[in-house]
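Peer 1: A structural model of the following input is requested.
(one chain, ligands or ions: 3)
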Amino acid sequence: ALTLDTTWTVRWIRRSAEVLAASRAALNTLDRDIGDGDHGENMDRGFQAILPKLENLAIETTPGTVLKLVATTLISTVGGAAGPLYGTAFLKAAGAVGTAQSLDAAALVALVTAARDGIVLRGKAEEGDKTMIDAWTPAVNAAAAAQAAGSGVGALLLAAADAAASGAQATEPLVARKGRASYLGERAIGHRDPGSQSTSLLLRAAADVVLA
Ligand code: ADP
Ligand code: MG
Ligand code: MG
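Peer 2: Numbering: from 1, shown residues only. Ligands and ions are numbered 1, 2, ... in the order given. From the prediction side, this is the model:
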């Protein structure tokens with residue numbers, strides 16, 4: 001595919017809901033180790049709440065309106081840190097794609113960059129603080145590099161997903177400087193940040209639903 005449309009956006013969110021439901025226990029376990037054990041529950045609740053809203057979308061729906069729907073649903077149904085952070089990410093992503101009917105490589109870079117910047121604006125985390133930013137920022141960099149190299153949208157999303165997965169894994173040896181895990185000091189070492197893992201799952205879902 002050269003560009004991705006509303007159908008891709010809806011597939012992405014549906015696949016994300018599926019994967020988050022299947023990963024609910026694993027994400028809770030990660031969060032039990034260095035937080036309060038609810039990250040899987042939070043993400044699953046939020047994405048399940050979006051599903052009925054994806055039925056009977058208006059004919060004039062664009063990728064941006066889907067992203068905005070995700071944002072408002074996450075903000076209203078997911079509590080804790082992740083709800084407002086992912087909500088802001090999807091809201092800023094919606095703003096970045098505007099009213100476009102389809103997204104090319106440049107638009108996808110704008111989408112992930114705006115999402116990451118929204119999370120930073122809201123949560124003030126820097127790379128290395130052991131948060132979801134440690135998955136988002138490598139993904140943004142990989143997406144931008146793929147676009148600069150002339151990659152298509154599918155390859156770009158695969159590169160972003162791979163970078164997010166590596167970034168999530170790389171949170172394991174870190175001490176946390178933001179969020180609940182920061183209260184643990186060195187006891188957070190050896191555990192993966194749950195939000196970085198959910199980001200990795202979301203970006204993998206985005207790549208997986210691109211149809212050749
Ligand atoms: P809570 O900690 O309120 O229970 P969740 O468990 O749903 O919320 O989400 C925790 C995740 O949120 C963490 O694993 C981390 O990735 C992310 N997070 C927490 N604080 C911040 C922050 N300031 N900036 C970016 N991400 C953060
Ligand atoms: Mg939690
Ligand atoms: Mg909580």
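Peer 1: only C-alpha atoms for contact and neighbour calcs from this point on.
Peer 2: Noted.
Peer 1: So which residues of the protein form strands?
Peer 2: For the chain, strands defined by DSSP state E occupy the ranges 4-5, 102-103.
Peer 1: Export those to CSV and append columns for distance to ligand 1.
Peer 2: CSV is the format used below for the strands of the chain (distance: least, Cα to the nearest ligand atom, whole Å):
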stretch, distance to ligand 1
strand 4-5, 28
strand 102-103, 26
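Peer 1: In CSV: the ones you listed, plus mean neighbour count.
Peer 2: Listed next are the strands of the chain as CSV, based on neighbours: other Cα atoms under 10 Å:
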stretch, mean neighbour count
strand 4-5, 18
strand 102-103, 20
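Peer 1: Including mean pLDDT and distance to Arg14, could those go into CSV?
Peer 2: Compiled in CSV, the strands of the chain are given as follows (pLDDT from 0 to 100; distance: least, Cα to Cα, whole Å):
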stretch, mean pLDDT, distance to Arg14
strand 4-5, 96, 15
strand 102-103, 98, 18
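Peer 1: Of these, give the one that comes closest to Thr72.
Peer 2: strand 4-5 (20.5 Å; Cα to Cα).
Peer 1: In its sheet, which strands sit next to the closest one, and in what direction?
Peer 2: strand 102-103 (antiparallel) (DSSP bridges).
Peer 1: Which residue is the nearest non-sequential neighbour of the residue in the chain sticking out farthest from the centre?
Peer 2: Distance from the C-alpha centroid of the chain peaks at Glu186, with 26.6 Å (Cα atoms, centre = their mean). Excluding the flanking residues, the one nearest Glu186 by Cα to Cα, 6 or more residues apart in numbering is Val175, at 5.8 Å.
Peer 1: Burial check on that neighbour, number of neighbours?
Peer 2: Neighbourhood size, Val175 [other Cα atoms under 10 Å]: 21.
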